[in-house]
Each structure stands twice: as C-alpha cells, then as structure tokens.
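# can't give you the sequence, but here's the structure:
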C-alpha cells in the first residue's frame, strides 16, 4: 500500500490519476450499461412523450443526463472530498488528465488521433466531464464541514 502525506500536491496527483483512468473505467462501466439504459428507454417509450420518429433524440438526451449524474456522483463526489478547497482547480486537473488519458488509451487501442477526436466531438463525454463539477463542489463543501 502506498502511503502519501496529505498535502495539496499529493491530492492533485490523485485527482490526475482519477482523470487518467477515466477512459478505462468508462469502458468497464458501459459493459453494464444495459442495466441502466434499457429500463430508462422502456419507461420513456411507455410515457409516449414524443412520436416514434423523435424517440431517438429524446432517449439519447435523457440517457446522457442520467449518465452525467451517475458519473458525476462516481467521480465528482470523491474528487470534491479529496479537494476540500479549490474544487474547481482540482476538477480542471481531473478534466485535463481525462483528456490526456483518453488520447493515450485511444492510441493504445490503435485508433490514434482520429479515434480520440471522434470520441470527443460527441456532446456526451463533455457533459459527463462537466457533470462531475457540481458533485465536486458539493463534495468539497461536505469535506469542509
């Protein structure tokens, strides 16, 4: 077990490591995505909120928000508890290292720069990363109590 002194620098390193492993953790989480996506889509379909021709837009939007909340809770809350103060700065370190880690893992998968750019031109990854910020702010508020 690695023991780190509780310093701001050590907490920044942990925040960067959280971001670096964003992509592989997402990959593992999405193996179980059907347990979340299918019930949400079934509920949306049964509510008859839109005609069938617009159902894909509605379901994609709702699922993006659901995943933003889940990933925000999964990453943002620990990040905020870790940060205690200056949660936005820790979130910036997390987000930038998530981009670097995503580029690195895209390169390892063989898709390279094109795969990285295709992944990050979609709005969902940006929403998921930004979704961690409010939870980080809440976590830092809780840690200061």
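Alright, I've got the coordinates. On a predicted model such as this, the values are computed, not experimentally measured, just so you know.
# residues in contact with the lowest-mean-pLDDT helix or strand in the chain?
For the chain, counting by mean pLDDT, DSSP states H and E, helix 34-47 ranks last in confidence among helices and strands (a mean of 84). Applying C-beta atoms under 8 Å, 6 or more residues apart in numbering, the external contacts of helix 34-47 come out as 55, 58, 59, 62, 63, 66, 67, 70. To be clear about C-beta, it is placed using only N, CA and C from the backbone, and glycine gets the same treatment.
# hmm, try it at 7 Å
Helix 34-47 is contacted from outside by 55, 58, 59, 62, 63, 66, using C-beta atoms under 7 Å, 6 or more residues apart in numbering.
# quick one: furthest residue from the center of the protein?
Residue farthest from the centre of the chain, counting by C-alpha atoms, centre = their mean, is residue 51 at 30.4 Å.
# so what pLDDT did that one get?
Looking at residue 51, its pLDDT stands at 80.
# can you report phi and psi for it?
phi -70, psi 160 (degrees, to the nearest 10).
# show me what the lengthiest helix in the chain is packed against.
Across the chain, the longest stretch assigned as helix under DSSP state H is helix 87-109. When contacts are defined as 3 or more C-beta pairs under 7 Å, 6 or more residues apart in numbering; DSSP states H and E, helix 87-109 packs onto helix 8-20, helix 22-29, helix 77-83, helix 112-121, helix 123-143.
# put together a markdown table for the ones you listed, with mean neighbour count, mean pLDDT and distance to residue 90 on each row.
As requested, the helices and strands packed on helix 87-109 are exported to a markdown table (neighbours: other C-beta atoms under 10 Å; pLDDT from 0 to 100; distance: least, C-beta to C-beta, whole Å):
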| stretch | mean neighbour count | mean pLDDT | distance to residue 90 |
| --- | --- | --- | --- |
| helix 8-20 | 17 | 89 | 5 |
| helix 22-29 | 16 | 87 | 14 |
| helix 77-83 | 22 | 90 | 4 |
| helix 112-121 | 13 | 89 | 21 |
| helix 123-143 | 19 | 92 | 7 |
